[in-house]
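Output the structure for:
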Amino acid sequence: MGENRILAIADGRFNEQKIKAYALRTGRVVAHGAHQVYEVPGNPPLSFEFLSPTRIVLASGKDASDLLTATGATARDPGIQSRIARVAGAPIFAVARTDQIPASFYSNFGNSTQLERLARSVRGLTLAGQPDGVKFKIALDAECDSMTNALQLATLLDILRMASSMTLSDPKTHQQMSREQAAFLRAVVSQVKVAHQDKWVRLTLDVTPEMLGASNPNSADPPASAPTH
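So this is what the prediction gives:
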């Protein structure tokens, strides 16, 4: 309807008091019957409600508060529940449905009918992050509507990964970005792994301090030049 209304439900470990206090810096709390809804101004405006210490529902756009209380958002979708179970053990995780994305989103894939078809086959996404020493391990899973589409998506992503690696080796590409950006992208493309199992496609990546521009603590600084007289 052109109102950019969005509703999302998030499960995780939240600092409820800090989130509410931050919202009240510019917003307010409003009673909607038995509901305590926090309204935060902005473009678009945002409203949210804590349904439990581990569950929050958010809405944005026109009449966001009314959207919260009208949805009956306390029921958890079985598909979302199964996706949460895959990643709930991670200290950082996110889960999203993708089967009701507006059709305009897929116009970005207009130049590739195959990529658009495979993007439409994805029904949900899960993201998990796990610290591991100085590294941060990331896993992004896409659930497709069939094993065939999952296999084709995994194959296409692997092809795109290899094509990106060749593109980044072209000196002309380096002229369009900084040295740090080029090094980061080369590290991502070389280290990201694509796997496929049943209806799931997984991308995994270990993010290191070096990828983010930090110096290697194990490397010694070059010796200072001896003073000349």
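
which is the next helix or strand following the longest helix along the chain?
With secondary structure taken from DSSP state H, the chain has its longest helix at helix 147-168. Once the chain leaves helix 147-168, the next helix or strand it forms, by DSSP states H and E, is helix 171-174.

Buried residues, that next one. List them.
By neighbour count on 16 or more other C-beta atoms under 10 Å, the buried set for helix 171-174 is empty. Every residue, glycine included, has its C-beta placed from N, CA and C.

from now on call the first residue 100
With 100 as the first residue, the last one maps to helix 270-273.

hey, C-alpha coordinates of it in PDB?
Taking only C-alpha atoms (Å, rounded to 0.1, in the frame of the first residue of the first chain), the coordinates of helix 270-273 have been written out as PDB:
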ATOM      1  CA  PRO A 270      44.800  -4.600 -11.600                       C
ATOM      2  CA  LYS A 271      42.000  -2.500 -13.100                       C
ATOM      3  CA  THR A 272      39.700  -3.600 -10.200                       C
ATOM      4  CA  HIS A 273      42.200  -2.400  -7.600                       C
END
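
Run through who's touching the longest helix of the chain.
Contacts with helix 246-267, where a contact means C-beta atoms under 8 Å, 6 or more residues apart in numbering, come from 213-214, 216-217, 220-221, 241, 243, 272-273, 281, 284-285, 288-289, 291, 293-295, 297-300, 302.

Now with 7 Å, please.
Helix 246-267 has contacts (C-beta atoms under 7 Å, 6 or more residues apart in numbering) with 214, 217, 220, 241, 243, 272, 281, 284-285, 288-289, 291, 293, 295, 297-300.
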